[in-house]
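Colleague: quick one: sequence and predicted model below, then my questions.
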Amino acid sequence: MLLTTFDRNALRKRERPSSHEGSVLGRYTIQWAVAVSMSDQLGRNPEPSRVAVSPTNAPVNGVQMSGGDLGSTKAWKEHSKRAWGLPLTVVIVGMFLSILDISIVNVAIPAIQNDFGVTTDEVQWVVTAYTLALGVVVPTTALLGDRFGLSRVYSLSLLGFAAGSALCGVAFNLDSLIIFRIIQAIPGGILPVITLSILYRIVPRERLGAAMGLYGLGVVVAPAVGPTLGGYLVEYVNWRLIFFINVPIGVLGTLATALVLPRFPRLVGRRFDVLGFLTVAAGLFALLLALSEGQSWGWYSYRILGLITFSALSLALFVVIELEVTDPLLDIRTFRYWTFTHSLLLISVSSVALFTVVFYVPLFLQQVQGWGALDAGLTMLPEALVMGLFMPISGLVYDRIGPRWPAAIGMAVVAFAQYLLHMITLDVSREHVMWLLVLHGVGLGIAMMPIYTSGLAVLPVRHINAGSAFNNVVQRVSGALGLAMLTTILVSQQAQQMAGRAALLPTNTTATPDLGGPGVPDWAGMYAAYRLTELQVFVGTMDDLFLIVAGISALGALAALLLLSGAPTTPAGFGPSAQAATPTISADGDVADERHPVPSSAHIITAENDPRV
């Protein structure tokens, strides 16, 4: 871009900072812009929408930029190369807590039910309310991060999550616990999305794979660790401790965040898309409610069909609104990047594979084989440890060869493990199940982070917040949708097979096993035969589900072959250097980068190319 008829010396006189502003140059990245000379020819001031933000944070076109603490672009580059590990570790801890709380509470549901004396349908709202609140709050994270700054939003969210956890721990009845869970879910839904946005701003482009391997410890390992930790606390301490344990960690994490996490540029004047928020929140709320209650209310009931119809219409209206407004809540145009859309499809497949195992294997161990919650959690623990081991390794491999082969090989291993799981029987040993889960964890540990990283890595900086929110929404909705569909298949097949086998059972006590012993009624043998048949049917139908997921995972492995291969390349406008510079705001409120550059009528003078600095 060329400097037009403006005289450079005149420009320096016009734009030279005061002595006070000069003292700010060490703290904020300087960025200057020159408007087109045509504005002088027209006898008017330069158009504000074509002028970049000054170091004094002057508003431009109603949008004000606020810089960070790091100085020049070079300083940001050097800082990010040597100091991203500790800030990333701090934010991952908070994100780990929020995801862990989802699976750890599931183990405590029976204890909560007994403590409050409520029915199973009523106590399930402890989980359902949390899920619904997450669906409402996640779409707002991109706006919150842009408007208030990622560091501030993360710190307040972690502190709010700790406060919500404390309230859940002191709940005095079921209604209060449900309300407190909603309060806890608001910051809990923000944390994973904000953490991913921070990661893509503090980590150098060439180390993204390794960083995403650490991020995966929270996304994938936390759901697997939850049953073990929750089982121990519920069985040997008290279910309230699963909430209280978050409080000190949240407070310490907030203090650590204030010390080590840098500040980021923010868009102070970004408008809130009210219509977009109402439509996406209502659509996700209705969809998640239908998926949560479909089995109880009946999938063909008027309530469920009405919720699904309302959800589809609301989400369709959301897409239309987001394509029309100038400042969308979530920019739907992010989906025009095929690699990102492709990664979302693979995230859906891997999420279904993960949550199928996390849900059905503990159910098999406890209800069929009679193991306690802690023993079932210990059986799941090796899978989590293996995933935690392989994710950083797969991240390093991604940095060298790209996402195609790690994702394809990992999903193939997942498909093979799911196929082996479909052959388990009623009397299979716990050790055998554990080794199958280890193999499953190896596949997920290899595949998931390259899949996550490949999608967001192609996005320009201005789409990272929206991409992070879409990632989180897709993971949660696909997991819930997959479990709902699989559970429907399980229940229908179980009823059909049980009806067929029950017709073959003897109708008189003389043909059933004699359990013997005084005081044993004659019908005890018939009940034992019926119960054995019921368990065999359950295991058989569960095996069918694993076979279905194996097929889906195999298709995912083939789809992963379409991912990019070779060492990742840096997209324009991406990386810490791009984040350090104060972005240029165009007329439509977008932050300009190399993919959407400032018009050729303006010339940007940064701290690096300005001869005065």
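Modeller: The structure has been received and is ready for your questions. Residues are numbered from 1 along each chain as shown.

Colleague: name the helix or strand for L344, please.
Modeller: helix 338-363 (DSSP states H and E).

Colleague: residues of that helix that come out buried?
Modeller: The neighbour-count check on helix 338-363 (16 or more other Cβ atoms under 10 Å) flags 339-340, 342-362 as buried. Quick note: C-beta positions are derived from backbone N, CA and C, even for glycine.

Colleague: cool, and stretch 556-569?
Modeller: By neighbour count with 16+ other Cβ under 10 Å, stretch 556-569 contains the buried residues G556, A557, A559, A560, L563, P568.

Colleague: just stretch 391-402 next, same as before
Modeller: When burial is assessed from 16+ other Cβ under 10 Å, stretch 391-402 yields the following buried residues: M391, P392, I393, S394, G395, V397, Y398, D399, G402.

Colleague: closest to A282 among those?
Modeller: Of all the buried residues of stretch 391-402, A282 sits closest to M391, with 35.5 Å by Cβ to Cβ.

Colleague: and that closest one, that's in a strand?
Modeller: No. Secondary structure of M391, determined by DSSP: H, G, I helix; E, B strand; the rest coil: helix, with no strand assignment.

Colleague: list the contacts for it?
Modeller: If a contact means Cβ atoms under 8 Å, 6 or more residues apart in numbering, then M391 has M212, G213, L214, G216, L217, V220, V221, G445, M448, M449 as its contacts.

Colleague: tabulate those residues (TSV), appending distance to I183 and secondary structure.
Modeller: Formatted as TSV, those follow (distance: Cβ to Cβ, whole Å; DSSP: H, G, I helix; E, B strand; the rest coil):
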residue	distance to I183	secondary structure
M212	30	helix
G213	32	helix
L214	29	helix
G216	28	helix
L217	26	helix
V220	26	helix
V221	26	helix
G445	34	helix
M448	30	helix
M449	31	helix
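
Colleague: T334 touches G467, doesn't it?
Modeller: Yes. Counting by Cβ atoms under 8 Å, G467 is a contact partner of T334 at 5.6 Å.

Colleague: okay, and the common contacts of those two?
Modeller: Residues touching both T334 and G467 comprise F340, L459, with contact defined as Cβ under 8 Å, 6+ apart.

Colleague: the more surrounded of the two?
Modeller: Neighbour totals were compared for T334 and G467, and G467 leads with 28 against 24 (other Cβ atoms under 10 Å).

Colleague: any idea how far that one is from Y200?
Modeller: From G467 over to Y200 the distance is 9 Å, taken as Cβ to Cβ, to the nearest Å.

Colleague: separation between V137 and S296?
Modeller: 25 Å.

Colleague: before we move on, what about V352?
Modeller: Note on V352: its distance to S296, by Cβ to Cβ, is 21 Å.

Colleague: mean confidence score for the strand or helix carrying V280?
Modeller: Here V280 is covered by helix 274-297, with elements defined by DSSP H and E. Computed over helix 274-297, the mean pLDDT rounds to 88.

Colleague: so which residues make contact with it?
Modeller: The set of residues external to helix 274-297 that reach it, using Cβ under 8 Å, 6+ apart, is 121, 124, 127-128, 131-132, 135-136, 138-140, 303-304, 307-308, 310-315, 317-318, 321-322, 325, 328-330, 473, 476-477, 480-481, 483-484, 487-488, 491.
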